[in-house]
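Chemist: the following block contains a protein sequence and its predicted model.
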Amino acid sequence: MTLELYVNRNTSMLNICNLSIWFSSYTIGLRYQETRVIRDLDLSLQSGQVMAVIGQSGAGKSLLTGAILGILPRNARIKGRIYFKGELLDQGKLRRLRGREIALIPQSVTSLNPLLRIGVQIARAAQLGGIEKKEVKTTVHRTFERYNLQPTVADSFPFQLSGGMAHRALTATATVGTADLILADEPTSGLDPSTAHEALAHLRELADTGKAVLLITHDVEMALNIADLVAVFCEGTTVEVTDAKHFVGIDKLRHPYTRKLWNALPANGFLKSDISPLSFSGASGCPFHSSCEKKETICSERFPSLQATDQGWVRCHYA
Amino acid sequence: MISLTLDRRTRTLTIIFACLILFSGIFIGAWLYGEKGEITNLTMRKLPPGWGLPFGTDWLGRDMFARTLKGLRISLGIGLSAATCSAFIALVLGLAAATLGKTVDLVITWLVDVGLATPHLVLLILISFACGGGAKGIIIAVAASHWPALTRIIRAEVIQLRSSDYIRLSPRLGRNPLWIARHHLLPHVVPQFLVGLLLLFPHAILHAAGLTFLGFGMSPHTPAIGALLAESMRYLSTGMWWLAVAPGLALVVSVKAFDIIGNNVRALLDPRTLRE
Amino acid sequence: MLEALSLAYRYTKQHPWIFKNLDLCIAPGEIVGMSGASGLGKTTLAKVLSGYLPPARGNIVIDGRSLPNSGPCPVQLLFQHPELAVNPRWKISKILGEAGEPGIRLLQDLGIKKMWYDRYPHELSGGELQRICIARALSETTRYLICDEITSMLDALSQAHIWKIISGLADSRKLGLLVISHHATLLAKVCSRKVKYFETEKSLPVQTEK
């Protein structure tokens, strides 16, 4: 049974069912091939929750934001269903929802327009984000206060701000509007610990006001500080979805990849753990069956679906 | 339309190929027609376009199609040779400005600014006049005035490249400056240069035509497109529209074809979109 | 022994000093960690130590000799963003061979696959690219490696994998390492000694023995 049947579609903010994404690229001359980058991805997020998507670095995780917002590159093919507040999303609906109800906090501060003053950019984001014209000024002012930005910042250009301030301004552009679902793509990458903590604290605050936050990151330890749920991503699919509290010890973690990941953290086994790369098997069956102790014949034949366990969901035939 | 069903790379290559066929057609056609455009036939004067005479005849009964083809070949030839000279001047100056130190850079940048600030047509006329007119004069004039913009582009590209991490670390790995220039800089500069060259053609061709139109170029007997257009001005009021439209259209189509080739080659050469 | 004596650096005479009177030494086989707040000059120090920037004052000596001006430098720098440290128009095979062909054993240790050779940098992940940069940096003449936040953009498994390899290589080849990172736990586990960087007029890194 798939995740879809476990979660009530109508109460979830975001529900992704069996999402697959293929990319076509040229090899030599005029021949091209299609590579599947994301496979049968399932995810469910409620309002007030922060879900951290962690796992392998590479194209997979960041594509998720592109898929949810409907802004994948031209050579991408997508299959599967994405529900937002119970409604199935398509390009038409996404055009209305993008920026207004679903907002993205981009990865780097270079996403700020270098030629516009911060005040102007946030005001514009507010307007595009669904705030009434007459409310824009007060909303922007309130946002500035909330993120501890001095009024002088409104008249500055992005290059005049310090890294931390620029990051807060960037977050403000996404959160100033009325968006209920916030997608944060690697919000702490390249930041020093104190700025990173601050950035994540803002996200937690957003969730506490009832919004849903999808946090995509490779920084597991930081993410665990604020996340409610953790979805572990590997080989293009979610292999485990579990409560963030279960990440304190390896016993509550079910999937072999999650256990390896936990062990590899500097605070845990790190260099002493078994970090030989997992060998991934071919197209059919579970991608991890060749490195799993519990394998049976079914593991090499059928791709497992997400199964519910008392700790969450695992993509394994033997949850 | 085929463009909707073919994948991007095939489409790009098809477009480039189609343009190349067009150009070969022009050159081969001009060669095949030979001197037919010079033959005057007073019994077939001032005929509008029709069967056997796709572009009609002029007031001396000369076949406009043959004249246009020859004119196109002459104009394209002048434009291409002038543009190529200009592009190489731009390459040398751009590289020099970016790699030979501050003084050289200052001098070249100043020259670029002067070149860009001077009214283009005035400069062209002066130079072609000073060089004695004719095809030689036009080529020198166009070559000497079209390099500033491309020089700037190449200079900017090389300066930006030289500050990239991977080029700064190359000497640390033991490589000498010549090796770095050949293996690191050249692969980046060549595509820019090629695209710049292709996009320079339309400008050069149009300016060469402009010069001949104003009468600063060749002798009135050589049917360069500009000359054809200039001659046709006199007869427009008498209703012989094909004398201007035919050469004009031919010029516009060939210039646009180069533009299309340039843009498509640029799309092909970017490694990021190379595999998409 | 890599010794930096009274190093000082500023961009131009009009700029303030980024660091002054800085002394540092790294012994072969030693892994020294350096942490400190962002934007204070750690990367600049890394660049000065590896010969990218000439020090305004002071000098860097390796076994009594200063850094060479030409030829491969015995101090190699690894960058935080591997995708910026490689020519995007080159194939992987060419990138690997820039400092001379790396040994088969090294490529195996780093897990670099033959099928990557024909690919372009943007087709590989950050972790894979970083391993290629490491292979490129570890030529026969390399004696010291400066790792500037090399795994802060990578996931936990790639990070652990890379540090296991590097510390193994540091041991077998007796390389001296300077590891710059924000991650206190990482430094604690990888380094034998830590150096803390302060931003003061007379920047004197305070050595803390572990």
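Modeler: Structure received.

Chemist: check contacts around the closest residue to chain C within the stretch 51-200 of chain B.
Modeler: Closest contact between the stretch 51-200 of chain B and chain C, by Cβ to the nearest Cβ, is at B:Gly174 (3.5 Å). Yep, even glycine has a C-beta here, placed from its N, CA and C like the rest. When contacts are counted by Cβ atoms under 8 Å, 6 or more residues apart in numbering or on different chains, B:Gly174 touches C:Ser70, C:Gly71, C:Pro72, C:Cys73, C:Ala99, C:Gly100, C:Ser139, C:Thr141.

Chemist: got a markdown table for these, with secondary structure too?
Modeler: Shown next, in a markdown table, are the contacts of B:Gly174 (DSSP: H, G, I helix; E, B strand; the rest coil):
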| residue | secondary structure |
| --- | --- |
| C:Ser70 | coil |
| C:Gly71 | coil |
| C:Pro72 | strand |
| C:Cys73 | coil |
| C:Ala99 | helix |
| C:Gly100 | coil |
| C:Ser139 | coil |
| C:Thr141 | coil |
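
Chemist: of all the residues you listed, which comes closest to B:Thr118?
Modeler: Lowest distance from B:Thr118 to the contacts of B:Gly174 (Cβ to Cβ) belongs to C:Ser70, with 43.9 Å.

Chemist: so that closest one sits against B:Pro171, correct?
Modeler: Yes: C:Ser70 lies in contact with B:Pro171 (Cβ atoms under 8 Å); the separation is 7.3 Å.

Chemist: remind me, longest helix of chain C?
Modeler: Secondary structure of chain C per DSSP state H: the longest helix is helix C:156-173.

Chemist: now do that helix: everything it contacts.
Modeler: A:54, A:56-57, A:218, A:220, A:260-261, A:264-266, A:270-271, A:273, A:275, A:277, C:29, C:31, C:106, C:109-111, C:125-127, C:130-131, C:134, C:138, C:145, C:147, C:150-151, C:154, C:175-177, C:186, C:190.

Chemist: take those residues and keep only those in helices.
Modeler: A:220, A:260-261, A:264, C:106, C:109, C:126-127, C:130-131, C:134, C:186, C:190.

Chemist: near chain B, which residues of chain C?
Modeler: C:50-52, C:70-73, C:76-77, C:79, C:81, C:84-90, C:94, C:98-100, C:120, C:122-123, C:136-137, C:139, C:141 (Cβ under 8 Å from any Cβ of the partner chain).

Chemist: tell me the contacts of the closest residue to chain A within the stretch 51-200 of chain B?
Modeler: Distances between the stretch 51-200 of chain B and chain A by Cβ to the nearest Cβ are smallest at B:Asp165, namely 15.2 Å. Residues in contact with B:Asp165 (Cβ under 8 Å, 6+ apart) are C:Phe79, C:His81, C:Leu84, C:Ala85.

Chemist: the first one against C:Tyr52, yeah?
Modeler: Translated: C:Phe79. No: checked against Cβ under 8 Å, the pair C:Phe79 and C:Tyr52 is beyond contact range at 10.5 Å.

Chemist: between those two, who's got more neighbours?
Modeler: Higher neighbour count among C:Phe79 and C:Tyr52: C:Phe79, with 23 against 18, using other Cβ atoms under 10 Å in any protein chain shown.

Chemist: wait, A:Asp180 touches A:Thr209, no?
Modeler: No: the criterion here is Cβ under 8 Å, and A:Asp180 misses it with A:Thr209 at 10.0 Å.

Chemist: so those two - more neighbours on which side?
Modeler: The neighbour comparison of A:Asp180 against A:Thr209 (other Cβ under 10 Å) goes to A:Asp180, with 19 against 9.

Chemist: what about the more buried one, distance to C:Asp118?
Modeler: To C:Asp118, A:Asp180 is 46 Å away according to Cβ to Cβ, to the nearest Å.

Chemist: pLDDT below threshold where in chain C?
Modeler: For chain C, the stretches flagged by pLDDT under 70 are C:37-39, C:197-210.

Chemist: for chain B, which residues are neighbours of chain C?
Modeler: So far as Cβ under 8 Å from any Cβ goes, chain B lies against chain C at B:164-176, B:183-184, B:187-188, B:271-272, B:274-275.
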